[in-house]
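> let me see the structure of the following:
(one chain, ligands or ions: 3)
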Amino acid sequence: MSTSYAVPVDAAAQRWHGRDDGPGEAHLRWHHVVAADSGGPGPWDATFVGFRSDEGVRRNKGRQGAANGPAELRAALAPMALPASLTALDAGDVEVADGDLESGHRRLGEAVAALLDSGSPVIVLGGGHEVAYGTYLGVRESAAMRSGGRLAVLNLDAHFDLRDDVRPSSGTPFLQMARSEEEHGRRLNYQVLGVSQPSNTEHLFRTADSLGVRYLPDTECGLLNVAAVDAFTDAFVDSGDVLHLSIDLDVLPAAVAPGVSAPAAHGVPMEIVERVCAKVAASGKPLVVDVAELNPDLDVDHRTARAGARLVHRILTERHAAPGPAA
Ligand SMILES: N=CN[C@@H](CCC(=O)O)C(=O)O
Ligand SMILES: [Mn+2]
Ligand SMILES: [Mn+2]
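Ligands and ions are numbered 1, 2, ... in the order given. Sure, this is the predicted structure:
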């Protein structure tokens, strides 16, 4: 697989190290199984690509530092113990330089499309939430979509990110997607879990309503709401053939995820977020996940990085254990 869209994988590969308790499957951790070159056409049980971008957060007047998110997420995932032997590929990082977010989106799209077409689940390590539009570009151009698959996008987020700004930013990705889908004669199937009323203006709620967005507020995503969350998630999974799961870490309570631009006063409990991720992964449908908004400069004892890595771990191990859809 060509990695012309990305910086050399060497720097990314350096992050895949950790404790080694001995040889064999019983001692496996992620750093043992991630390869930095393709070694074949795939599919892999997991593929990773980083999106080193702060530009969207800068444009959205947030607190910068998310460009170092990919390295931190790799470092947090690397030592996690694996319950089974998986195959994994790290395609390196797409770097956003000189404020050229648009070029970064294009290059990320090329990377995601190639990895998805290999038949592998794709994990995009952000980056500000502007990562989601680049991820979408890849999904849009993937073989699964070109052959008529229905896209379903689930955003786990305190925010709708449907801002109508002059320039793309971390606050605009899902409106960009909606417009792109419209240009392609489709309506974006966009769903959000964890929306915080005080963090979204009435204008954003109206935009969401006008686009037909289905959402669950954070106040209805607690541990007492498991049945409703399950029903919401099941309906999401059923609504698409190709699933894009976008995880903005500010969906988690600030105590769990302090290392984000806009920490959540309420948030959705980790148990619920992880449960939703596991359900989506277990569907066996073509899947791309992006993890957004980790800002290592604001993190406390790598708490946010570990929470993000734990979600990635759960998604990929759940996916590996699940029976695939009938071929
Ligand atoms: N990706 C983040 N988007 C949020 C940020 C809110 C904030 O910085 O307070 C948004 O634009 O609404
Ligand atoms: Mn958010
Ligand atoms: Mn967001």
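
> the strands in the stretch 51-200 of the chain, which residues?
Per DSSP state E, counting those that start in this stretch, the stretch 51-200 of the chain carries strands over the ranges 88-95, 122-126, 151-156, 190-195.

> what about the residue in the stretch 1-150 of the chain that ligand 1 sits nearest to, how many residues nearby?
At 3.7 Å from ligand 1, His129 is the closest residue in the stretch 1-150 of the chain, using C-beta to the nearest ligand atom. (C-beta placed from N, C-alpha, C; glycine too.) Applying other C-beta atoms under 10 Å, we find 33 residues neighbouring His129.

> with Asp161 instead?
Neighbours of Asp161 (other C-beta under 10 Å): 29.

> again with Gly128
Neighbour count for Gly128, taken as other C-beta under 10 Å: 34.

> pretty sure Val49 sits in a helix.
No. Judged by DSSP: H, G, I helix; E, B strand; the rest coil, Val49 forms no part of a helix; its state is strand.

> what's the longest helix in this protein?
helix 303-321 (DSSP state H).

> which residues touch Arg187?
For Arg187, the contacting residues are 178, 181, 211-212, taking C-beta atoms under 8 Å, 6 or more residues apart in numbering as the criterion.

> farthest pair within those?
Spanning the widest gap among the contacts of Arg187 are Glu181 and Gly212, at 11.5 Å by C-beta to C-beta.

> which bits of the stretch 51-200 of the chain sit near ligand 1?
By the rule C-beta under 6 Å from any ligand atom, the part of the stretch 51-200 of the chain lying against ligand 1 is 60, 62, 129, 159, 161, 163, 170-171.

> who's in contact with Gly171?
Gly171 sits next to 56, 60, 129, 159, 161, 163, 165 when contact means C-beta under 8 Å, 6+ apart.

> ok, now how distant is it from Phe160?
From Gly171 across to Phe160, the span is 9 Å (C-beta to C-beta, to the nearest Å).

> again, but for Val213
For Val213, the distance to Phe160 equals 7 Å [C-beta to C-beta].

> need the residues touching each of the two.
What both Val213 and Phe160 touch, as defined by C-beta under 8 Å, 6+ apart, is the set Val192.
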